[in-house]
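Peer 1: Give me the fold of what follows.
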Amino acid sequence: MEFIADFHIHSKYSRATSRNMDVEHIAQWAKLKGITLMGTGDFTYHLWLEELKNKLEDLGNGLFKYNGIYFILSSEISSIYSKNGRTYRVHNIVLSPSFKTTDKINEVLSRCGNLASDGRPILGLDAAELARIVFDIDENCMVIPGHIWTPWFSVFGSMSGFDRIEDCFEAQTPKIFALETGLSSDPAMNWRLSALDRFSLVSNSDSHSPQRIGREANVFNCELDYRTIRDVLRTKDNKRFLYTIEFFPEEGKYHYDGHRLCESRLSPQETKKNNGKCPKCGKPVTVGVMNRVAQLADRPEGIVPETSVPFKRMIPFDEIIAEAKGVAKGAVSVEREYMSLVAKFGTEFDILLRASGEDLQRGLPKRIAEGVLRVREGKVNIKAGYDGEYGIISIFGEQDSNQESHDQQLSLF
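Peer 2: Predicted coordinates:
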């Protein structure tokens, strides 16, 4: 069966996370979005794990179920440690096939740091040692390096990462078979590194609120059980791993270089011209994902490896509605319109990915339909995100806004 999966989210027990990130709201929003399989997030946190054990139905195949939505046990772990005289900060997603395995993982990791400090624990544990611990407990677990290009917390991060997967995971490297591209990069950027060809590139929301789940996701056509999904990712089977759903990477918080305090947004060329310094204050800029990819790439832009899994770029539907209406995406009118239109079409992904142009134009307000179609065609303008600031998307240019204003004035007479 074909289904959409989002493996990486956080619970209400992680810092800076909505109190609505509970099982009930996650399942509710997964249905609205059209997501079949959700990661639980935060299985290392005792209170959340108890909720999961009490509320999820164990299907006996490595997956769990609540109110029609499937779940896979997942958790993100932050490793901050010294190695060869340098400090590294690497985030990894761990997927577990059972509560029994999860309990064993938590028992061992609790000796390495305080798992109760946060939903996403910070451990002084070498990423290679984390992987060894997990695989020694259960070889069917998956360890997926998270948002691999984020400057401060990732395997390739410009500020605290490595240049090669092997340098990070050492003897455990052969057991790592999937990488999470993160919001600030897309598969095409990763295809420029031949060393990544063997890995399945997954995309997840890393969501801290129910409304944001599925902003990046994975589309499979296979059996809904843990071992099958693991096998699809391990073998990089692009007949069963159909495509990923991606942010426009420019919208990610670390796509460009820059210095947020000075509002300096720099392309890699501008950074080079300024010798890596902020043009306003002279301090070093945060080197973003686009620049870091270029540093490590051994291929030109535009390369498409034979074994690659395709991708589709997308902007969340509430953002399209908000821009079409000229209001903030948190406005009550946006939520009202969102719920009404999703109910009409079935799910958000039915609107964004599957509905025909004719159906969109017939079933959506004209300007919203036009927004969805422009996004599908990649006809958007984006001021790239940098140094922790999300990029700014514009679907409708100034000329469109002026025309809309003119049309509204005419309609008054």
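
Peer 1: Low-confidence bits of the stretch 301-413 of the chain, can you list those?
Peer 2: 398-413 (pLDDT under 70).

Peer 1: ok, which stretches of it are helices?
Peer 2: 317-325, 332-345, 348-349, 357-363, 366-376, 398-411 (DSSP state H, counting those that start in this stretch).

Peer 1: now for those, which one comes closest to residue 129?
Peer 2: With Cβ to Cβ as the measure, helix 348-349 is the member of the helices of the stretch 301-413 of the chain nearest residue 129 (38.6 Å). Bear in mind the C-beta positions are built from the backbone N, C-alpha and C, glycine included.

Peer 1: How far off centre is the closest one?
Peer 2: 16 Å (Cα atoms, centre = their mean, to the nearest Å).

Peer 1: Kindly report the same for stretch 85-104.
Peer 2: 17 Å.

Peer 1: end-to-end on it?
Peer 2: 32 Å (Cα to Cα, to the nearest Å).

Peer 1: Could you do stretch 87-105 as well?
Peer 2: 25 Å.

Peer 1: Mean neighbour count and distance to residue 388 for the helices of the stretch 301-413 of the chain - can I get that in CSV?
Peer 2: Below are the helices of the stretch 301-413 of the chain laid out as CSV (neighbours: other Cβ atoms under 10 Å; distance: least, Cβ to Cβ, whole Å):
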stretch, mean neighbour count, distance to residue 388
helix 317-325, 22, 19
helix 332-345, 15, 25
helix 348-349, 22, 27
helix 357-363, 14, 35
helix 366-376, 19, 25
helix 398-411, 11, 27
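
Peer 1: Can you add distance to residue 76 and give the ones you listed back as JSON lines?
Peer 2: Output for the helices of the stretch 301-413 of the chain, formatted as JSON lines (distance: least, Cβ to Cβ, whole Å):
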{"stretch": "helix 317-325", "distance to residue 76": "25"}
{"stretch": "helix 332-345", "distance to residue 76": "28"}
{"stretch": "helix 348-349", "distance to residue 76": "24"}
{"stretch": "helix 357-363", "distance to residue 76": "36"}
{"stretch": "helix 366-376", "distance to residue 76": "28"}
{"stretch": "helix 398-411", "distance to residue 76": "39"}
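
Peer 1: quick one, which of those is nearest to residue 104?
Peer 2: Once these are compared by Cβ to Cβ, helix 348-349 is nearest, at 35.8 Å.

Peer 1: what's that closest one packed up against?
Peer 2: helix 23-33 (3 or more Cβ pairs under 8 Å, 6 or more residues apart in numbering; DSSP states H and E).

Peer 1: Now do the helix it packs on: distance to the chain's middle.
Peer 2: How far helix 23-33 lies from its chain's middle: 17 Å, per Cα atoms, centre = their mean.

Peer 1: now that helix against helix 332-345, angle please.
Peer 2: Put simply, helix 23-33 runs at 70 degrees to helix 332-345, going by axes from the mean of the first three to the mean of the last three Cα atoms, to 10 degrees.

Peer 1: what packs against helix 23-33?
Peer 2: Under the contact definition 3+ Cβ pairs under 8 Å, 6+ apart, helix 23-33 sits against strand 37-39, helix 46-55, strand 69-83, helix 348-349.

Peer 1: what's the angle from that helix to strand 69-83?
Peer 2: Using the same axes, to 10 degrees: helix 23-33 against strand 69-83 is 110 degrees.

Peer 1: Next, format the helices and strands packed on helix 23-33 as a markdown table and append distance to residue 160.
Peer 2: Below are the helices and strands packed on helix 23-33 laid out as a markdown table (distance: least, Cβ to Cβ, whole Å):
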| stretch | distance to residue 160 |
| --- | --- |
| strand 37-39 | 24 |
| helix 46-55 | 27 |
| strand 69-83 | 8 |
| helix 348-349 | 35 |
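
Peer 1: Lovely, talk soon.
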